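Visitor: Build the 3D model from these lines:
(one chain, ligands or ions: 2)
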Amino acid sequence: MAKFFKFFNKKKDDLKETIKELDKAKLELAKRDIKDEILKLLEETEKNIENKKKSDYEVLKLYEQLKELKKKVNSISTNELSNITYQHIKKENKSGLFSKLKSLKDGLTKTRKNFISKLDRILLGKKELDEDVIEQLEELLISSDIGVKTTLYLIEKIEERISRAKLDDVKEVKNALKEYLLEILMKNHSELIFNRKPFVIMVVGVNGTGKTTTIGKLANKYKNSGKKVLLAAADTFRAAAIEQLEEWAKRANIDIIKQKEGADPSAVAFDAVKAAQARDVDVLIIDTAGRLHTKVNLMEELKKMKRVIKKVIPDAPHEVLLVLDANTGQNAISQTKMFNEALDVTGIVMTKLDGTAKGGIVVAVTNEFGIPIRYIGVGEKIEDLREFNPKEFVEAILE
Ligand SMILES: Nc1nc2c(ncn2[C@@H]2O[C@H](COP(=O)(O)OP(=O)(O)OP(=O)(O)O)[C@@H](O)[C@H]2O)c(=O)[nH]1
Ligand SMILES: [Mg+2]
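Guide: Ligands and ions are numbered 1, 2, ... in the order given. Presented below is the predicted three-dimensional model:
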């Protein structure tokens with residue numbers, strides 16, 4: 001019998017190995033159908049052997065069962081295994097776990113298609129850069145929301161190049177445009193640098209631009225880069241705003257400071273800054289209410305919040321992040337003007353670029369105000385936020 005037990009134990013180890021392998025592959029099916037069965041049997045067998053209460057016959061019976069199971073495990077072919085693994089990964093992909101990052105080009109498809117197709121139409125068959133071409137180019141730039149001021153600047157630059165005879169090939173227009181756009185974007189570009197602790201970010205903007213969503217995406221991004229993040233639900237105005245932020249916080253497993261709906265938003269911000277100090281937080285992100293920017297109340301409320309934050313940390317907020325919806329076109333300019341006058345905006349997030357053909361608004365805003373675009377939103381999912389990179393952006397819309 002001793003020999004049998006030795007043999008049995010070896011088999012048991014084999015099975016354990018198989019189970020481990022299955023576990024590693026995260027095969028739901030195997031876990032559910034086979035692993036549980038094997039484990040149960042192994043446990044039973046182990047108990048029986050240890051207690052030696054059962055007759056040899058019963059042990060043998062169990063051994064037979066184990067053999068059957070082993071066969072069952074072995075009968076899953078490699079193909080089947082990889083197929084199950086593939087299905088499993090595909091399922092996780094859908095849930096966003098391993099989902100591939102949408103490329104910037106994908107996110108900016110509409111703007112790129114609009115720009116490229118119209119530009120090609122303008123230049124098609126043209127031999128020289130006459131006034132007609134320049135006029136059409138001007139129209140294209142304006143219709144892409146690049147803005148009058150920026151368009152005139154670009155056209156002037158291109159004309160200047162033509163007059164210096166440095167641009168005589170129609171094909172060169174695209175490259176020249178790229179160059180000047182990049183120049184404008186680079187001039188105003190700077191990344192957000194976390195040079196304080198806690199680094200306080202106050203997120204502002206009119207209603208529905210994507211503030212809360214952007215905060216969710218940012219919180220997740222900062223957390224993944226190893227920072228300790230805290231959120232503050234200082235939009236106490238809109239029903240369900242607190243719950244919405246809480247939902248994002250839960251998803252990213254991040255703490256949130258909140259009070260009841262209707263509470264004083266500045267009080268929430270005050271509590272949050274205090275908490276950020278006490279809890280050794282790296283980044284505090286404050287969500288605020290978004291009413292129309294023409295409503296004086298909102299601006300006064302936000303100004304007060306800024307003052308209250310300063311009472312705790314004099315140089316905070318370290319970033320006043322204005323969230324703009326790319327679909328609002330030139331209205332984004334007047335929003336930037338109002339918020340900047342009231343709060344000294346230090347950075348901009350342009351959201352919903354995936355839904356517009358007029359991504360040129362990015363250029364207009366940055367050129368008119370000199371405020372850097374920090375991030376761009378290219379979708380509703382948690383990973384659909386990109387750090388703004390001028391070169392990538394220009395290539396994505398003009399390549
Ligand atoms: N397609 C797309 N949708 C976005 C993007 N960012 C935000 N959204 C959507 O815009 C809608 C409004 O977003 P919120 O985050 O609630 O906007 P908000 O500025 O917090 O709104 P208020 O709190 O009402 O002022 C939601 O449906 C978001 O999913 C983006 O980059 N692309
Ligand atoms: Mg919100």
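Visitor: The residue nearest to Lys217 when sequence neighbours are not counted - how many residues pack around it?
Guide: In this structure, Lys217 finds its nearest non-sequential neighbour in Leu385, 3.9 Å apart by Cβ to Cβ, 6 or more residues apart in numbering. No exception for glycine: its C-beta is placed from N, CA and C like everyone else's. Around Leu385 there are 22 other residues, counting by other Cβ atoms under 10 Å.
Visitor: now Leu385: how far from Gly210?
Guide: Separation of Leu385 from Gly210 (Cβ to Cβ, to the nearest Å) stands at 10 Å.
Visitor: Does Ile376 lie in a helix or a strand, and which?
Guide: Using DSSP states H and E, Ile376 falls within strand 373-377.
Visitor: and that strand, what does it pack onto?
Guide: The elements that strand 373-377 packs onto, with contact taken as 3 or more Cβ pairs under 8 Å, 6 or more residues apart in numbering; DSSP states H and E, are helix 211-224, strand 347-351, helix 361-369, strand 385-387.
Visitor: Mean pLDDT and distance to Glu139 added to the ones you listed, as TSV?
Guide: TSV is the format used below for these (pLDDT from 0 to 100; distance: least, Cβ to Cβ, whole Å):
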stretch	mean pLDDT	distance to Glu139
helix 211-224	95	32
strand 347-351	97	23
helix 361-369	94	15
strand 385-387	93	29
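Visitor: so which of the ones you listed gets nearest ligand 2?
Guide: Of all these, it is helix 211-224 that lies closest to ligand 2, at 3.3 Å by Cβ to the ion.
Visitor: what packs against whichever strand or helix holds Trp248?
Guide: Assigned by DSSP H and E, Trp248 belongs to helix 241-252. Under the contact criterion of 3+ Cβ pairs under 8 Å, 6+ apart, the helices and strands touching helix 241-252 comprise helix 211-224, strand 229-234, strand 255-257.
Visitor: one more time with 6 Å
Guide: helix 211-224, strand 229-234 (3 or more Cβ pairs under 6 Å, 6 or more residues apart in numbering; DSSP states H and E).
Visitor: for Gly347, what are its contacts?
Guide: Gly347 makes contacts with Glu319, Leu321, Pro372, Arg374, as judged by Cβ atoms under 6 Å, 6 or more residues apart in numbering.
Visitor: change it to 7 Å
Guide: When contacts are counted by Cβ atoms under 7 Å, 6 or more residues apart in numbering, Gly347 touches Leu192, Glu319, Leu321, Ile371, Pro372, Arg374.
Visitor: and if you look at Asn367?
Guide: Contacts of Asn367 by Cβ under 7 Å, 6+ apart are Thr150, Ile184.
Visitor: Taking the contacts of Gly347 together, which two end up most distant?
Guide: Largest separation among the contacts of Gly347 by Cβ to Cβ: Leu192 and Ile371, giving 12.3 Å.
Visitor: Need the worst-confidence member of the contacts of Gly347.
Guide: pLDDT across the contacts of Gly347 is at its lowest for Leu192, which sits at 93.
Visitor: Counting neighbours, what do you get for it?
Guide: By other Cβ under 10 Å, 20 other residues sit near Leu192.
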